[in-house]
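1. Using only what follows, build the 3D model:
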Amino acid sequence: MNRTNDGIGGAHGAYGAHGAPLGVNLLALRSHNTALVLDLLRTAGAEGISRLELAERTGLTPQAVSKITARLRADGLAAEAGRRASTGGKPRTVLRLVPEAGHAVGVHLDRDEVRAVLVDLDGTVVDRRRAPLDLGAGEEAVLARVAGVVEALRVPGADGADRVPLGVAGGADRAPLGVGVALPGPLDHEKGVLHRVTGFPEWDGFPLRDALARRLGVPVVVDKDTNAAALGLAVGGEGGSFAYLHLGTGLGAGLVMGGSVYRGARTGAGEFGHQVIQLDGRPCTCGARGCVEALCLDAVARGDVAEAARVLGAGAANLVGLLDIDLVLLGGRTVAAAPEEFVRGVGAVLAARARREGGGDGGVPVRVAPGGVQGVAEGAAQLLLAPLFGRGDA
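-> Purely as a prediction, here's the structure:
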């Protein structure tokens, strides 16, 4: 593969639903104080929130809040939501977020398919696309397929008009804030460079972020599929410390510790599928033997869901023992095909472990992650949105 590292410098402009520019650039929206205000506007919903309440909840001065909200209104991100009676004096004007003022794209790049979603500032999906993919077809074919799926997305037109092209290429007035891409690891999240994707070593060292940014003309963020899904779950309200286990064409984990995605020093945290649980076991595509991924996928291929769930549970029990997490969430296409069996099987292993250690009969709770097969793509969009609201470390 050809290797190029010349990326796109700086942040690109983004535009609202009616062509109004969303501030100077993406970085301008990422200031701490603006993020505090935007997050409160979003959580307030359609009812809105007053400037006085914004000042009280953020600790900012009324003057600072007025300056920030004035800029957000000028940029089309905030609007009046009516007036609210006050304890004295004239009624207070309340403000709300304008969800349709900006959009972000989330892409789940899997080994055999690509999914893309377009979400508004609330994270609501307004369009989605899906296409088959061969991750081993070479960089040009893969980049072309990803770009094609993204550029096929449509944003709702103004005042209920027909959907119109997203306008990714060429800097059209409907350009999104950016594109978040989630795919199997390992990779370097900060540099957007892939490492040896299991089963596809030819991608090692490929600068995916910069290559896609050049092709699409908007900012691109790259992360592991499991991290993106975990971020989406944390932003969506899952609290505490939890593990998201993704079983699809491979097996990995996304870890949230204290509300933040834990990536490790080199984005290597969560390479869950390649822990060896059976010495001299079945060969794995990573080169080792007896990996939980190899054993689990082998059981799935044989149609033995109960055994696959038991193996997944053994790996989950190791993770729970190491990190003492509060919750295990299961996701991915394979889990979606038999959710009850996987929850029951993994839960039984964790409950048995808890009994052995004197932790009672329940063990750590196990649930299917909300969002279904679309969860990774939606989480990938949060790689762009969450930092704007101060809700993520993407």
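2. So residue 96 belongs to a helix, correct?
-> No: counting by DSSP: H, G, I helix; E, B strand; the rest coil, residue 96 falls outside a helix, being strand.
3. unless I'm mixing things up, it is touching residue 79, no?
-> Yes: in this structure residue 96 lies within contact range of residue 79 using C-beta atoms under 8 Å: 6.1 Å. Backbone N, C-alpha and C define where each C-beta goes, glycine included.
4. Show me what the closest residue to residue 225 other than its chain neighbours is bridged to.
-> For residue 225, ignoring the flanking residues on the chain, the nearest one in space by C-beta to C-beta, 6 or more residues apart in numbering is residue 182 at 4.3 Å. Note on residue 182: beta-bridge partners residue 108, residue 223, judged by DSSP bridges.
5. on that earlier part again, who has more neighbours out of residue 96 and residue 79?
-> When neighbours are counted by other C-beta atoms under 10 Å, residue 96 and residue 79 differ, and residue 96 comes out ahead with 18 against 14.
6. who are the neighbours in contact with the residue nearest to residue 225?
-> By C-beta atoms under 8 Å, 6 or more residues apart in numbering, the contact list for residue 182 reads 106-109, 222-225, 227-229, 376-377, 379-380, 383.
7. repeat for residue 99
-> Contacts of residue 99 by C-beta under 8 Å, 6+ apart are 120-122, 124.
8. So which of the residues you listed wins on neighbours?
-> Most surrounded of these: other C-beta under 10 Å gives residue 121, at 23 neighbours.
9. Tell me the spacing between that one and residue 282.
-> 46 Å (C-beta to C-beta, to the nearest Å).
10. how about the contacts of residue 99, which pair is most distant?
-> 121 and 124 (8.7 Å; C-beta to C-beta).
11. Can you mark which positions in the helix or strand where residue 297 lies are buried?
-> Secondary structure from DSSP states H and E places residue 297 in helix 292-301. Residues of helix 292-301 classed as buried: 292-300 (neighbour count, 16 or more other C-beta atoms under 10 Å).
12. picking that back up, adding distance to residue 147, write the contacts of residue 99 out as JSON lines.
-> Listed next are the contacts of residue 99 as JSON lines, based on distance: C-beta to C-beta, whole Å:
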{"residue": "120", "distance to residue 147": "22"}
{"residue": "121", "distance to residue 147": "24"}
{"residue": "122", "distance to residue 147": "26"}
{"residue": "124", "distance to residue 147": "24"}
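13. Turn the residues you listed into JSON lines, columns for pLDDT and secondary structure.
-> Output for those, formatted as JSON lines (pLDDT from 0 to 100; DSSP: H, G, I helix; E, B strand; the rest coil):
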{"residue": "120", "pLDDT": "93", "secondary structure": "strand"}
{"residue": "121", "pLDDT": "94", "secondary structure": "coil"}
{"residue": "122", "pLDDT": "92", "secondary structure": "coil"}
{"residue": "124", "pLDDT": "93", "secondary structure": "coil"}
